[in-house]
Structures are given as structure tokens and as C-alpha cells.
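Q: Return atomic coordinates for the entry below.
(one chain, ligands or ions: 1)
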Amino acid sequence: MKNFFTTNISGADPVISNAIDDEVRRQTNGLELIASENFVSEAVLQTMGTVFTNKYAEGYPGKRYYGGCEFADVVEQAAIDRAKEIFGAEHANVQPHSGAQANMAVLMTALEHGDQILGMNLSHGGHLTHGHPLNFSGINYKVADYGVNKDTEQIDYDELQRLAEEHKPKLLICGASAYPRTIDFERIGQIAQSVGAKVMADIAHIAGLVATGLHPSPVPHCEFVTTTTHKTLRGPRGGLILCREEFAKDVDRSVFPGVQGGPLVHIIAAKAVSFGEALQADFKSYQQQIVNNAKALAQTLSDAGLRLVSGGTDNHLLLVDVYMDGKGITGKVAEKALDEVHITVNKNTIPFDTQKPFVASGIRLGTPALTTRGMKEEDMHSIGEMIAAIIREPESEQVKDLVKRSVAELTAKFPMYPERLKERSGGASRAN
Ligand code: DSN
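A: Below is the predicted model:
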């Protein structure tokens, strides 16, 4: 019988082991442009796979419901302290399993069932948890929504003020999952204050930029700030809540026992490691390169005749209108054609889209993951030309072969996870 404690994954479970190896190759041999994804460090990966996964630790450091939590306390306290330092926040809760659960806990803290919220419309760049009718936020609360101006495709703050006065929300929700421009958190804070609302800023996408001062921080202007930890922040998959001290106890109670049970201590440990990385000086140059790369990619695509929503980008992502009122192709066709040449993007609705979300007129591109690999502006220029070529001729096998070769050449120059890249004959979908 195999020794349970010494048999590694390839001996224990070839199906899953092979899928892991294939996924390492897929990530290594493709160009990852999904704006919400990133590649964590080997240190973060290792920490996620530690014995902290075995531990139950309901409660908070120094106040747990189970014995044996002294080392869980060390990692959770480190994660809390580092999160507060990164964002200059008075209080941090590092236990949310995800961004959605972080948002759920804040809504539970700030609202009673049925209260009015005002959130950004998903199809204008918001998020499901900001009031979508199929999400807990839209089911449990009364929702009004705001969006972008039709001409500028940017948030219309005067219209937001008007909507806030009309609906008198108890909570104004800002932050976005597909918005390429700077968000004016100070103005949003003033709007909320003028109608007696609190604000939750969900900075999941831009957390790394906020952490390094490359995007204005919502912390001084908003009662609650939530984020995921795995996007520009480059940590493990998870959530984080920052708030003022006056809400600390209520937020903690909303997370546990409100919406969660035992925290994922192995993930909290990995959050602490990634927060430590974010406090290093080179994290700022990494974030600056993300922004430079997004601008370079935007310029190349725009020079190639593609329309960018809002005309460009201030952050890590861009929304490309590939449909162009019927002159181009849908986001769905673009996503599939790019996937075939190992360029990974997601179709995305654009503001005032005429297509259904599963078809969409746009694609969303982000540079955090490729910047982690070390790519720079000249690489973005090449990638922009590859994308434009595929969108121009999505059915040309000749173009696809050419681009596939270019992707293989480019990715080969930026190796990643060398210890995890194992060769296996057969089965690998993207062995190039
Ligand atoms: N799924 C995330 C994104 O791609 O932006 C948001 O939750």
C-alpha cells in the first residue's frame, strides 16, 4: 500500500496530475491577457500547498474557537498588518474566501434586508455583486444603477449625483471589473456624503495600482474597501476587506460567523506572503510596467484601426470594440479565434451593447500576467499586431499558423515555473 504521507500527486492521481502538468504548459505556452488573472510567485504557490490547509481556526488571532491555533495566529496577524500597511487602512479582514464574499460581508454590515443600494451596471463595467438581479446583492436589496456616458464611455459623475439624489441609497457601490479609466473616488465620496450614504469601493481589479499610488486610493473617501487578492495584487485567489476602525467589529462579525465558517489558513498564509511582496520596492515598478504595457497595447490596436471603448486606458485593461456596429466580428468569435492561436482573452459587453452578454461586441484585454512574465512595450506592440491580424481575418488558416508561431517564439523568451514545467509525451494541448 502506498504511504499516504509520502506519495506525491503523480503517483497518487495521474488524471489530476496530468491535468496540472497540461495547465502549466497551457499557461507557459500561451499569451494570458485576461485582465483579472495573474501569475503568482513560486513562494505564494508553495505556501498555498502547506499543512495550514488542515487547520480549523474559526475566530480571529488571539480569539479562536479551536485549540492549536498559535501558528495560524502568526500568519493571519502578519497578513492583517501587511494589508493595513500597504493600503494605509485602519482595519483589515483577510478571511473572505473570495471577492464576492468580501462584498457580501460589507453589504451585510452596512445594510438591512431590502435597503436601497446604487451600483454600477454590469454591462457598463460593474460587477455581479454590485446589484445584479440574479446575485444576492440584487435579490436581497433594492437596486438602482448607474453607468457611463454614451459619448465619453466614462462614468458621468453629474448623472451619478442626480441618481444618488433621486434614489437616496444607503450604500453607494463603486469600482468595476471592465472599466479602463481612473475612478474618482473622492468625488464619489462627496456624492455619497451629500445624500447621507456610505460607500463601498470594490478595487479588485486595480488593487495593485492603488497599493503603489498609481491609482488614487479610495481609503480616505470610502467607509469600506474590498478587493480580491489575485488580480493586479498578484496573491492567491481570495478576498480582503479594509475599513475604518468604527466598522471593524461589525465587519469581522459579518465575515465570521455572518457569511463564512472556518478561514482558509493556507490561503491567508499565501496572502501574507504576497502582501510582503507588494511591500517590496520593485512592486511599484512592476505596476508601472503593467500600465505602460496597457498603453502600448492600446496604441497598437488603435493604430491597427480597432475602436477602444473610451478611446484608451489609464489602468491595466482595455476594452476593444471588435464588432464596430457590424463592420467587425463579435466578441465571441474573436475570443474563440484568439484562443485557437493561444492568445487568451474574454469576450465582454461594451457599454450600450446591442449583443447579448454571451456574444458581446467586445473583448477585454489586461496586461498584469504578461507583465509578470517580464514582457515590455515592444512585446505589447507585437502582441497587438497579432491580435489585430486575427480579428481582421479570423478564419484564415495562414494567418493563424503565422500567429501561432509568433506566440510560440515570444513565450519561449519568457519562461515561468521552471520546476513545474514537466515534459510528458502526448496529451498536452498546448505543448507547441
Ligand atoms: N471574474 C472577475 C473578472 O474577470 O473581472 C470578476 O469577478
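Q: Give the helix, strand or coil label for Gly68.
A: Of the three states, Gly68 takes coil under DSSP: H, G, I helix; E, B strand; the rest coil.
Q: Give me the neighbour count for Asn54.
A: Residue crowding around Asn54 was assessed by other Cβ atoms under 10 Å; the count is 8. C-beta: built from backbone N, CA, C; applies to glycine.
Q: and the gap between it and Leu264?
A: Using Cβ to Cβ, to the nearest Å, we find Asn54 at a distance of 11 Å from Leu264.
Q: do Ser361 as well
A: 38 Å.
Q: Those two - which one has more neighbours?
A: Neighbour totals were compared for Ser361 and Leu264, and Ser361 leads with 29 against 21 (other Cβ under 10 Å).
Q: contacting residues for that one?
A: Asp321, Val322, Tyr323, Met324, Thr330, Gly331, Thr349, Ile350, Asp353, Thr354, Gln355 (Cβ atoms under 8 Å, 6 or more residues apart in numbering).
Q: ok, how many other residues are close to the closest residue to it other than its chain neighbours?
A: Spatial nearest neighbour of Ser361, excluding adjacent residues (Cβ to Cβ, 6 or more residues apart in numbering): Tyr323 at 3.5 Å. Under the neighbour criterion other Cβ under 10 Å, Tyr323 is assigned a count of 24.
Q: Repeat that for Asn140.
A: Asn140 sits with 17 neighbouring residues when counted by other Cβ under 10 Å.
Q: SS state for the closest residue in space to it that isn't next to it in sequence?
A: Counting by Cβ to Cβ, 6+ apart, Asn140 lies nearest to His113, which is 5.6 Å off, once chain neighbours are set aside. Using three-state DSSP, the structure places His113 in coil.
Q: Do you know the pLDDT at His113?
A: The per-residue pLDDT reported for His113 equals 97.
Q: Repeat that for the one 10 residues further on.
A: According to the prediction, Ser123 has pLDDT 89.
Q: Show the contacting residues for it.
A: Shown in contact with Ser123 (Cβ under 8 Å, 6+ apart): Gly147, Thr349, Pro351, Asp353, Pro357.
Q: ok, now with 7 Å
A: In this structure, Ser123 makes contact with Thr349, Pro351, Asp353, judged by Cβ atoms under 7 Å, 6 or more residues apart in numbering.
Q: and stretch 396-413, what's its mean pLDDT?
A: Here stretch 396-413 scores 98 as its mean pLDDT.
Q: do the same with stretch 32-48
A: 98.
Q: what's the answer for stretch 218-236, then?
A: Stretch 218-236 shows a mean pLDDT of 98 in the predicted model.
Q: Does Val403 touch Ala389 like I think?
A: Yes. The pair formed by Val403 and Ala389 meets the contact definition of Cβ atoms under 7 Å, at 6.1 Å.
Q: Tell me which of those two has more neighbours.
A: Between Val403 and Ala389, counting by other Cβ under 10 Å, Val403 is the more crowded of the two (24 against 18).
Q: Restricting to C-alpha, output the helix or strand containing the more buried one in PDB.
A: Using DSSP states H and E, Val403 sits within helix 397-412. This file holds the C-alpha atoms of helix 397-412, laid out as PDB (Å, rounded to 0.1, in the frame of the first residue of the first chain):
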ATOM      1  CA  GLU A 397      -5.600  29.300 -41.500                       C
ATOM      2  CA  GLN A 398      -2.500  31.000 -42.900                       C
ATOM      3  CA  VAL A 399      -2.800  33.900 -40.500                       C
ATOM      4  CA  LYS A 400      -3.500  31.500 -37.600                       C
ATOM      5  CA  ASP A 401      -0.400  29.500 -38.400                       C
ATOM      6  CA  LEU A 402       1.800  32.600 -38.600                       C
ATOM      7  CA  VAL A 403       0.400  34.000 -35.300                       C
ATOM      8  CA  LYS A 404       0.700  30.600 -33.600                       C
ATOM      9  CA  ARG A 405       4.400  30.600 -34.500                       C
ATOM     10  CA  SER A 406       4.900  34.100 -33.200                       C
ATOM     11  CA  VAL A 407       3.200  33.200 -29.900                       C
ATOM     12  CA  ALA A 408       5.500  30.200 -29.500                       C
ATOM     13  CA  GLU A 409       8.600  32.300 -30.300                       C
ATOM     14  CA  LEU A 410       7.600  35.100 -27.900                       C
ATOM     15  CA  THR A 411       6.500  32.900 -25.000                       C
ATOM     16  CA  ALA A 412       9.700  30.900 -25.300                       C
END
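Q: Other residues contacting that helix?
A: With Cβ under 7 Å, 6+ apart as the test, helix 397-412 has contacts from 28-31, 340-343, 379, 382, 386, 389-390, 393, 432.
Q: tell me the contacts of the closest residue to the ligand within the stretch 1-150 of the chain?
A: The nearest approach of the stretch 1-150 of the chain to the ligand comes at Ser36, 3.3 Å away (Cβ to the nearest ligand atom). Under the criterion of Cβ under 7 Å, 6+ apart, the neighbours of Ser36 are Ser177, His205, Lys231, Gly366.
Q: repeat that for 10 Å
A: 99, 177-178, 204-205, 228, 230-232, 316-317, 346, 364, 366, 368-369 (Cβ atoms under 10 Å, 6 or more residues apart in numbering).
Q: Name the helix or strand for it, please.
A: Secondary structure assignment for Ser36, by DSSP H and E: no helix or strand.
Q: Put the alpha carbons of stretch 75-90 into CSV.
A: What follows is stretch 75-90, C-alpha atoms only, in CSV (Å, rounded to 0.1, in the frame of the first residue of the first chain):
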residue,chain,number,x,y,z
VAL,A,75,0.1,34.1,9.7
GLU,A,76,-3.2,35.8,10.0
GLN,A,77,-1.8,38.6,12.1
ALA,A,78,1.1,39.1,9.5
ALA,A,79,-1.5,39.2,6.7
ILE,A,80,-3.6,41.8,8.6
ASP,A,81,-0.6,44.0,9.5
ARG,A,82,0.8,43.9,6.0
ALA,A,83,-2.6,44.7,4.3
LYS,A,84,-3.1,47.7,6.6
GLU,A,85,0.4,48.9,5.8
ILE,A,86,0.0,48.5,2.0
PHE,A,87,-3.2,50.5,1.9
GLY,A,88,-2.9,52.8,4.9
ALA,A,89,-6.1,51.3,6.3
GLU,A,90,-7.3,51.3,9.9
